[in-house]
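Participant: Based on what follows, work out the 3D shape:
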Amino acid sequence: MPRWKALPDELDPQVKEFASQLRRLVDRSGLGIAALSDRTGYSKTSWERYLNGRLLPPKGAIVALAEVTGTNPMHLTTMWELAERAWSRSEMRHDMTMEAIRISQARAALGEFGGDAPGGRAAQGGGRGGSATAARPTGVAGPAGVSPAMGPRTDGFGPSAPPAAPAAPGGGGRRGGNGDGDGKGNGGGRRITMFVAGLVGAALVVALAYVLTNGGDKGEKAEPSPTPTTSAPKLPAGVECVGDSCTGKDPEAMGCGGELASNGAEVRSGTTVVQVRYSKTCKAAWARVQGAAPGDSVLLKSGTESSKKGLVGKADTDAYTPMLAVGSAADAKACATLATGKEICTQ
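Facilitator: Model prediction:
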């Protein structure tokens with residue numbers, strides 16, 4: 001039976017090549033997963049995920065693997081950076097695909113309530129012989145007869161206003177162009193009135209703006225209140241959380257383990273070791289049990305808070321809990337409950 005499972009087909013080629021390289025390093029070292037976990041500080045479960053392509057290992061795990069296998073960490077880190085970018089691109093493509101699906105579903109749902117297309121009814125015309133032709137434009141009746149037929153506008157903003165009716169020959173009606181009616185005089189007067197009103201309105205707007213900006217102060221310039229600047233702490237590469245955002249998260253997946261973690265309080269009972277693990281970078285702690293038996297569990301406590309239990313699987317000898325945000329390792333306490341019912345706790 002082969003030692004490794006086939007990598008998932010949907011993996012990016014760059015990620016698949018990186019995972020295969022990690023497998024070759026482990027094979028050459030002759031280490032088992034349990035021994036690899038003990039020497040690197042990353043759990044057995046995490047290494048199984050890393051080597052089977054289900055999770056991209058953090059940079060700290062790669063550096064630790066290079067140390068225990070005698071590999072140049074610079075070369076391995078370079079391959080990890082390429083795989084990390086490929087992993088990010090795959091996640092982005094997945095997100096874009098899901099977004100496109102949601103948009104398509106939304107458009108389909110909105111289409112059920114849509115009406116006729118603009119101009120759809122206007123495009124349906126009928127000639128005398130039953131042939132589909134455009135509706136013939138009609139003229140507009142006015143005081144001097146029927147004005148020429150109006151054609152459609154070509155600027156995309158709807159039908160144009162009907163042209164003015166031509167003046168009757170020799171007439172002096174209101175709409176006459178050169179007659180002695182009041183059409184021309186009133187039109188010019190209206191234009192002058194509107195022009196003057198526009199000038200007055202513009203002057204009022206300028207005056208109001210001046211009062212609001214400069215008229216309210218008495219020679220003193222208002223100083224803008226300083227904007228508080230808050231910047232999030234810059235985290236090392238591979239670290240995904242800090243403080244409260246780490247609570248309930250997997251320390252290995254968040255990049256808080258490995259070289260970024262140290263042991264706090266520890267207690268031994270036979271071959272079983274119970275530890276408090278603390279990451280100063282992530283400002284969080286978790287509990288770990290080693291040398292345990294299947295069915296054993298471990299729990300982290302901090303004041304009134306407690307983490308979820310970490311259970312030892314059938315083929316495992318270690319387990320760890322999710323993280324809790326704490327100020328220091330001394331603020332946390334680790335307790336293991338053995339399958340026999342015995343409880344072991346750190347001080």
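
Participant: Which strands and helices lie in contact with the helix or strand hosting residue 92?
Facilitator: In the assignment (DSSP states H and E), residue 92 maps to helix 73-111. Secondary-structure packing of helix 73-111 (3 or more Cβ pairs under 8 Å, 6 or more residues apart in numbering; DSSP states H and E): helix 13-29, helix 59-69. Every C-beta, even on glycine, is put in place using the N, C-alpha and C of the backbone.

Participant: Of the ones you listed, which stretch is the most buried?
Facilitator: Among the helices and strands packed on helix 73-111, the stretch with the highest mean neighbour count (mean count of other Cβ atoms under 10 Å) is helix 59-69, at a mean of 21.

Participant: what about the helices in the stretch 151-300 of the chain?
Facilitator: Ranges of helices in the stretch 151-300 of the chain, per DSSP state H, counting those that start in this stretch, are 183-210.

Participant: So, low pLDDT: which residues of it?
Facilitator: For the stretch 151-300 of the chain, residues meeting the criterion pLDDT under 70 lie at 151-189, 209-233.

Participant: now the strands for it?
Facilitator: 261-269, 272-279, 284-290, 297-302 (DSSP state E, counting those that start in this stretch).

Participant: among the ones you listed, which is the most enclosed?
Facilitator: strand 284-290 (a mean of 28).

Participant: hmm, who's touching stretch 87-102?
Facilitator: Identification of contacts with stretch 87-102 by Cβ atoms under 8 Å, 6 or more residues apart in numbering yields 12, 15, 56.

Participant: For it, give the mean pLDDT please.
Facilitator: Mean pLDDT, stretch 87-102: 74.

Participant: Check which residues of that stretch are buried.
Facilitator: 87, 90 (16 or more other Cβ atoms under 10 Å).

Participant: Report the backbone C-alpha coordinates of that stretch in PDB.
Facilitator: C-alpha atoms of stretch 87-102 as PDB (Å, rounded to 0.1, in the frame of the first residue of the first chain):
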ATOM      1  CA  TRP A  87      -3.200  29.100  -3.200                       C
ATOM      2  CA  SER A  88      -4.400  32.700  -2.900                       C
ATOM      3  CA  ARG A  89      -5.200  32.900  -6.600                       C
ATOM      4  CA  SER A  90      -7.300  29.700  -6.300                       C
ATOM      5  CA  GLU A  91      -9.300  31.100  -3.400                       C
ATOM      6  CA  MET A  92      -9.900  34.300  -5.400                       C
ATOM      7  CA  ARG A  93     -11.100  32.400  -8.500                       C
ATOM      8  CA  HIS A  94     -13.400  30.400  -6.200                       C
ATOM      9  CA  ASP A  95     -14.800  33.600  -4.700                       C
ATOM     10  CA  MET A  96     -15.300  35.200  -8.200                       C
ATOM     11  CA  THR A  97     -17.100  32.000  -9.400                       C
ATOM     12  CA  MET A  98     -19.500  32.000  -6.400                       C
ATOM     13  CA  GLU A  99     -20.100  35.800  -6.900                       C
ATOM     14  CA  ALA A 100     -20.900  35.200 -10.600                       C
ATOM     15  CA  ILE A 101     -23.300  32.500  -9.700                       C
ATOM     16  CA  ARG A 102     -25.100  34.700  -7.200                       C
END
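
Participant: now the contacts of stretch 87-102 in a markdown table, with distance to residue 41 and pLDDT?
Facilitator: Shown next, in a markdown table, are the contacts of stretch 87-102 (distance: Cβ to Cβ, whole Å; pLDDT from 0 to 100):
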| residue | distance to residue 41 | pLDDT |
| --- | --- | --- |
| 12 | 27 | 89 |
| 15 | 23 | 90 |
| 56 | 18 | 92 |
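
Participant: quick one, the helix holding residue 92 and helix 13-29 angle?
Facilitator: 140 degrees (axes from the mean of the first three to the mean of the last three Cα atoms, to 10 degrees).

Participant: nearest spatial neighbour of residue 269, skipping sequence neighbours?
Facilitator: residue 344 (4.9 Å; Cβ to Cβ, 6 or more residues apart in numbering).

Participant: who's in contact with the strand or helix carrying the one you found?
Facilitator: Assigned by DSSP H and E, residue 344 falls within strand 343-345. Identification of contacts with strand 343-345 by Cβ under 8 Å, 6+ apart yields 267, 269, 272, 274, 333-338.

Participant: For residue 237, state which of the residues you listed is nearest.
Facilitator: The closest of the contacts of strand 343-345 to residue 237 turns out to be residue 334 (Cβ to Cβ; 28.5 Å).

Participant: Quick one: residues contacting that closest one.
Facilitator: Taking Cβ under 8 Å, 6+ apart as the test, what residue 334 contacts is 265, 267, 274-276, 287-289, 298-301, 345-346.

Participant: in the stretch 1-150 of the chain, what spans have low per-residue confidence?
Facilitator: 1-2, 91, 93-95, 112-150.
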